[in-house]
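**Q** Whatever this is, show me its structure:
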Amino acid sequence: MKFQSGQPRPAGAGRKKGSVNKKKLLRVEEVLLAADLSPVDELIKLLPQLQPKDAARVLLELQSYVEPKPKAVELPADEIQLTVVGDDVSDDALIRALDEQRGIQS
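**A** Model (predicted):
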């Protein structure tokens, strides 16, 4: 709904309390540049000290800043027909079933 002059703002309108404004972000960036610090470089230096699971999580997070995320692809429901027998189906079994449906050899 468009804001109308003279009417109160809707509940929850405006910036949330504690959110960082543009000025503060620019100051943080200036301080990092002046100190010749790069958060990404510092994280990369720490990777050897991390457990493999934590290092992988850091790398996955950094990847989102380097590569675009793939877009979701919707498939029409009438194109996918899966028959599941039993109530305990593993991820591998579901992937094989989908691949078979799509005509992909594994």
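**Q** Spatially central, which residue of the protein would that be?
**A** Residue closest to the average C-alpha location in the chain (CA atoms, centre = their mean): Ser64, at 6.9 Å.
**Q** which secondary structure element contains that residue?
**A** helix 52-66 (DSSP states H and E).
**Q** And the contacts of that helix?
**A** The contact list for helix 52-66 (CB atoms under 8 Å, 6 or more residues apart in numbering) reads 40, 43, 46-47, 50. In this view, the C-beta of every residue, glycine as well, is placed from N, C-alpha and C.
**Q** Pull out the buried members of the residues you listed.
**A** Not one of the contacts of helix 52-66 meets the buried threshold, by 16 or more other CB atoms under 10 Å.
**Q** could those residues go into CSV alongside pLDDT and distance to Pro10?
**A** Formatted as CSV, these follow (pLDDT from 0 to 100; distance: CB to CB, whole Å):
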residue, pLDDT, distance to Pro10
Val40, 80, 39
Leu43, 82, 40
Leu46, 85, 44
Leu47, 87, 45
Leu50, 88, 44
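**Q** burial count for Ala97?
**A** Each residue near Ala97 was counted by other CB atoms under 10 Å, and the total is 16.
**Q** where does the host helix or strand of it sit relative to the chain's centre, distance-wise?
**A** Assigned by DSSP H and E, Ala97 belongs to helix 91-102. The chain centroid and the centroid of helix 91-102 are separated by 25 Å under CA atoms, centre = their mean, to the nearest Å.
**Q** State the mean pLDDT of that helix.
**A** The pLDDT scores in helix 91-102 average 77.
**Q** In it, which residues are buried?
**A** Buried-residue list, helix 91-102, by 16+ other CB under 10 Å: Ala97.
**Q** so Ser19 is in which element?
**A** Going by DSSP H and E, Ser19 is not part of any helix or strand.
**Q** what's around it, how many residues?
**A** The burial count for Ser19: 8, using other CB under 10 Å.
**Q** How about the one 10 residues further on?
**A** A count of neighbours around Glu29, defined by other CB under 10 Å, yields 10.
**Q** That one and Asn21, how far apart?
**A** Glu29 sits 13 Å away from Asn21, going by CB to CB, to the nearest Å.
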